[in-house]
Structures are given as C-alpha cells and as structure tokens.
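Engineer: mind looking at a prediction? Sequence and model below.
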Amino acid sequence: MQKWIAPGRVNIIGEHTDYNAGFVLPIALSLGVVCAAEPRADGLVRLTSAQRPGDIVVARVDDLVAQRDRLPGWARYPLGVVDEFVRGGHPVGGVNLELDGTVPIGAGLSSSAALCCAVTIALRDLFAPALTDRRMIEIARAAENGFAGVPTGLLDQAASILCTEGHALFLDIRAFTGAESCAAEQIPFDLRSAGLTLIVADTGHPHELADGGYAERRAQCEAAADALNLPALRDATSEDLPRLRDSVLRHRARHVITENARVLAVVDRLRDGADPRAIGELLTSSHRSLREDFEVSAPTLDLAVDAALDAGAYGARMVGGGFGGSIIALVEHADHVAERIMNRFAAAGFASPHIFAVEPGTGARTLE
C-alpha cells in the first residue's frame with residue numbers, strides 16, 4: 001500500500017483568530033499522521049488505526065451520513081473526508097485506510113487536522129489528482145466541522161498542507177478564503193542560527209474541542225461582531241471595545257484585536273531579519289490575553305508558562321484551542337528550561353509533562 005503523511009502543527013502566534021477572519025503564523029511539526037491507502041471495488045471503506053489496535057471499522061461509501069452516529073468518534077474524522085470526496089462527485093468506489101500517528105492526541109498540536117489531511121492527500125492521489133491544495137484544505141476542514149462536529153477554523157488544515165521546512169506560514173484567513181494570491185507567505189524562521197530552540201511542553205492535561213468550550217468562544221466572537229455590526233472581529237479596533245456593553249464579549253473581542261496585532265508585529269520583525277528573541281515578549285503577551293481575556297488557559301498551562309519564563313525563556317504561551325494541551329517556549333538552554341518545568345510540575349503534584357524541541361517542518365506529502 002502506498003503511504004502519505006500530514007504533519008501536526010504548532011502555532012507560533014495567532015490563537016483563535018482564524019475563525020475571526022484574522023491572521024495566523026503556524027509551523028508544521030516533524031510529528032504527523034501516516035495514511036496507507038489502496039482502492040477497493042466493493043463500495044466499502046475499511047479503516048484501522050495503530051492507535052486503536054483491534055478496532056476495525058467497515059462502512060459503506062455511499063451511506064456514510066446515515067451510519068455516522070454508529071461510528072466511533074475517532075473514525076468520524078477520516079470517514080468524514082471520504083464522505084466529502086463522495087459528495088464532491090469523485091469516484092471513490094471503496095478504499096482501505098490504515099492509519100498511524102505520532103502527534104500527541106489532545107495536546108493542542110492538531111492531531112485531528114493531521115489525520116484529516118493525511119486521508120485527504122491520499123484520496124486526492126488515488127481518486128482526484130486534479131484537486132488543488134486549497135480544495136484539499138477545504139475538504140479536510142469540512143470533514144472536521146461537519147462529520148466530526150468540531151467547529152475549527154482553517155488554521156490547522158492550512159498549516160498541515162502548506163507549511164514548508166525552515167519557515168513559518170503567515171496566513172491571512174480572509175484573503176485566503178477569498179482566493180487572493182497574497183493570502184499565504186512563507187516567513188523564514190531559523191532559530192538554530194540564532195542559538196535558540198523552540199520547545200513544546202505537552203502538559204498531559206488533554207483538551208477536547210468537541211466538549212463545548214471552543215464552540216462557545218466562537219459563538220461569543222460572532223455575537224461580539226454582530227453587536228458591533230461588523231462582518232467579523234478582524235474588522236474591530238480597540239476604539240470599538242467601549243461599544244460592547246457585555247463584559248464577556250468585550251474581553252473576547254479585545255483578545256482577537258490584540259492577537260491579530262501581535263501576529264502582524266511578529267511577522268514584521270521576522271521579515272526584517274530581527275533576532276528572533278525579539279518576538280518573545282509578544283508570545284508571553286499572547287498567553288496573558290488567552291488566560292485573562294479569552295479564558296481558555298488551564299492551571300497546568302499557566303504553571304508551565306511561568307516555569308519556563310522563570311527559567312529564562314524569552315517568551316512562552318499556551319497553544320491550540322485551550323482548556324489543556326501544550327505550551328511553547330522560546331529558549332536558549334532547552335535542557336535547563338525543561339528540567340525547571342518538570343520540577344515545578346512535580347512540586348505541584350502534576351504528572352510529568354512531555355517536553356520536546358520542534359523545528360519548522362514540511363507539509364503533507366507522499367512517503368517514498
């Protein structure tokens with residue numbers, strides 16, 4: 001069977017801005033989801049996962065929606081992709097899908113998007129070779145939003161498909177959705193030459209985007225934009241905030257406004273060739289905003305950020321949808337910072353986090 005891989009991602013900055021038509025700056029990870037696939041002619045999808053040994057899912061290609069509620073939660077992501085291909089008129093007469101992944105589940109590193117994108121690129125090559133990258137991103141997102149029931153924006157899928165090695169992906173979500181050629185830009189992100197490392201600390205406190213918190217924040221952002229009579233919070237400015245009488249909506253809007261500004265500031269500094277240390281303060285400011293205005297942090301995330309900063313990190317913040325998951329920290333001495341985080345977790349009675357270094361990787365592709 002031929003194999004394809006799609007990476008997870010970590011967002012340098014730009015959290016909860018994607019579904020507000022704003023700006024994001026992710027990198028792809030070396031960790032990913034591998035999909036081995038081959039066509040079959042009997043109208044069935046046979047699905048297995050190395051992370052679910054012994055769990056074999058078989059479903060009819062032409063009747064996936066009717067079977068959805070009987071499917072295991074994990075299977076809805078890849079089968080949602082198959083359903084999108086069928087709905088798009090692509091000739092999927094049946095397919096075997098074998099999945100394996102190294103992206104930690106629930107760590108805020110987009111394991112679900114990596115899964116959907118790995119299946120999408122496999123099905124493209126097998127059944128619809130003319131599909132563009134943009135269309136693959138749309139299919140992967142639609143599978144996650146509709147079939148799996150997780151209301152994500154475009155960030156995760158775009159990062160998994162479009163990121164390139166040694167770069168961060170600057171994405172203007174509104175322009176990208178409108179198919180403007182300037183919507184995506186590869187920004188050089190070479191930390192090694194500056195003597196820096198970006199570490200991820202997976203706190204082991206899993207987040208679950210389908211549990212309602214993420215959808216609630218999204219609805220609050222839409223309500224704030226409606227109250228301001230704006231298409232999206234992307235269009236709001238700090239001068240608009242006093243017009244929001246509801247304090248919760250005002251806080252949500254303030255995060256989006258300031259986070260978009262932080263993304264643009266980080267991109268400007270990296271474009272100009274500044275020492276990457278200069279973006280550290282913006283990372284930490286992002287965490288404060290996510291904790292205080294957007295209220296999606298968690299005690300383990302705050303502890304990891306504080307420990308990293310106390311150990312000398314130039315900046316640190318939570319990543320992903322929130323309510324658990326991981327942080328990133330920009331550091332010189334990775335082992336020292338990791339040890340300090342581990343010690344603080346032990347002293348607080350938390351399980352040891354999983355800490356590892358990351359570098360900007362390559363997007364979805366065929367494996368030789």
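Structural biologist: Alright, I've got the coordinates. Remember, it's a predicted structure, so these values are computed and weren't measured experimentally. Residues are numbered from 1 along each chain as shown.
Engineer: looking at it, Ala329 is touching Ile199, isn't it?
Structural biologist: Yes - Ala329 lies in contact with Ile199 (CB atoms under 8 Å); the separation is 5.2 Å. The way it works is simple: take the backbone N, C-alpha and C, and place the C-beta from them, glycine included.
Engineer: now do the shared contacts for these two.
Structural biologist: In the contact map built from CB atoms under 8 Å, 6 or more residues apart in numbering, the residues linked to both Ala329 and Ile199 are Ala308, Val337.
Engineer: ok, those two, which is more surrounded?
Structural biologist: A side-by-side neighbour count of Ala329 and Ile199, using other CB atoms under 10 Å, places Ala329 first with 29 against 22.
Engineer: that one bridge partners, please.
Structural biologist: Using DSSP bridges, the bridge partners assigned to Ala329 are Ile199, Ala316.
Engineer: wait, what's in contact with it?
Structural biologist: Under the criterion of CB under 8 Å, 6+ apart, the contact list for Ala329 reads Leu198, Ile199, Ala201, Val305, Ala308, Leu309, Ala313, Gly315, Ala316, Val337.
Engineer: cool, and Val92?
Structural biologist: With the criterion set at CB under 8 Å, 6+ apart, Val92 makes contact with Val61, Val82, Phe85, Val86, Leu123, Phe127.
Engineer: quickly find the element holding the closest residue to Leu109 other than its chain neighbours.
Structural biologist: The shortest distance from Leu109 to any non-neighbouring residue, by CB to CB, 6 or more residues apart in numbering, is to Gly8 (4.3 Å). Secondary structure assignment for Gly8, by DSSP states H and E: strand 2-13.
Engineer: after that strand, which helix or strand is next?
Structural biologist: Following strand 2-13 in sequence order, the next helix or strand is strand 23-39 (DSSP H and E).
Engineer: confidence score at the closest residue to Asp172 other than its chain neighbours?
Structural biologist: With sequence-adjacent residues excluded and distances taken as CB to CB, 6+ apart, Asp172 is closest to Ala183, at 5.0 Å. Ala183 is assigned a pLDDT of 79 by the prediction.
Engineer: and Ala183, what does it touch?
Structural biologist: Contacts for Ala183 (CB under 8 Å, 6+ apart) come out as Leu171, Asp172, Ile173, Ala175, Phe176, Thr177.
Engineer: in a markdown table: these, plus distance to Glu216.
Structural biologist: Below are the contacts of Ala183 laid out as a markdown table (distance: CB to CB, whole Å):
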| residue | distance to Glu216 |
| --- | --- |
| Leu171 | 24 |
| Asp172 | 26 |
| Ile173 | 20 |
| Ala175 | 27 |
| Phe176 | 25 |
| Thr177 | 23 |
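Engineer: report the contact partners of the most centrally placed residue in the chain.
Structural biologist: The residue at the geometric middle of the chain, judged as the C-alpha nearest the mean C-alpha position with CA atoms, centre = their mean, is Asp156 (3.5 Å). Residues in contact with Asp156 (CB under 8 Å, 6+ apart) are Arg9, Pro26, Ser110, Ser112, Ala113.
Engineer: quick one, helices of the stretch 1-150 of the chain?
Structural biologist: 64-67, 76-87, 111-127, 133-142 (DSSP state H, counting those that start in this stretch).
Engineer: and the third one with helix 76-87, angle?
Structural biologist: Orientation check (axes from the mean of the first three to the mean of the last three CA atoms, to 10 degrees): helix 111-127 against helix 76-87 gives 30 degrees.
Engineer: buried set for helix 111-127?
Structural biologist: Applying a neighbour-count criterion of 16 or more other CB atoms under 10 Å, the buried positions in helix 111-127 are 111-124, 126-127.
Engineer: for the first one, same thing?
Structural biologist: Residues of helix 64-67 classed as buried under the neighbour-count rule (16+ other CB under 10 Å) are Leu64, Gln67.
Engineer: what helices or strands is it leaning on?
Structural biologist: Based on contacts counted as 3 or more CB pairs under 8 Å, 6 or more residues apart in numbering; DSSP states H and E, the elements that helix 64-67 packs against are helix 76-87.
Engineer: and the lowest-mean-pLDDT helix or strand in the chain, how far out from the chain's middle?
Structural biologist: For the chain, using mean pLDDT, DSSP states H and E, the weakest element among its helices and strands is helix 173-177, scoring a mean of 89. The gap between the average C-alpha position of helix 173-177 and the chain average comes to 16 Å, counting by CA atoms, centre = their mean, to the nearest Å.
Engineer: outside of it, which residues touch it?
Structural biologist: Under the contact criterion CB under 8 Å, 6+ apart, helix 173-177 has outside partners 17-18, 21-24, 134, 153-155, 158, 182-184, 232, 234.
Engineer: again, only using 6 Å
Structural biologist: Applying CB atoms under 6 Å, 6 or more residues apart in numbering, the set of residues contacting helix 173-177 from outside is Asp18, Ala21, Gly22, Leu154, Ala183.
Engineer: how confident was the prediction at the third one?
Structural biologist: For Gly22, the model assigns a pLDDT of 96.
Engineer: give the contact list for it.
Structural biologist: When contacts are counted by CB under 6 Å, 6+ apart, Gly22 touches Ile173, Arg234, Asn260.
Engineer: can you say which of these are buried?
Structural biologist: When neighbours are counted using 16+ other CB under 10 Å, the contacts of Gly22 contain these buried positions: Ile173, Arg234, Asn260.
Engineer: and those, which is closest to Gly363?
Structural biologist: Ranking these by separation from Gly363, with CB to CB as the measure, puts Ile173 on top at 17.2 Å.
Engineer: how far away is the closest one from Ser110?
Structural biologist: Here the criterion is CB to CB, to the nearest Å. By it, Ile173 lies 15 Å from Ser110.
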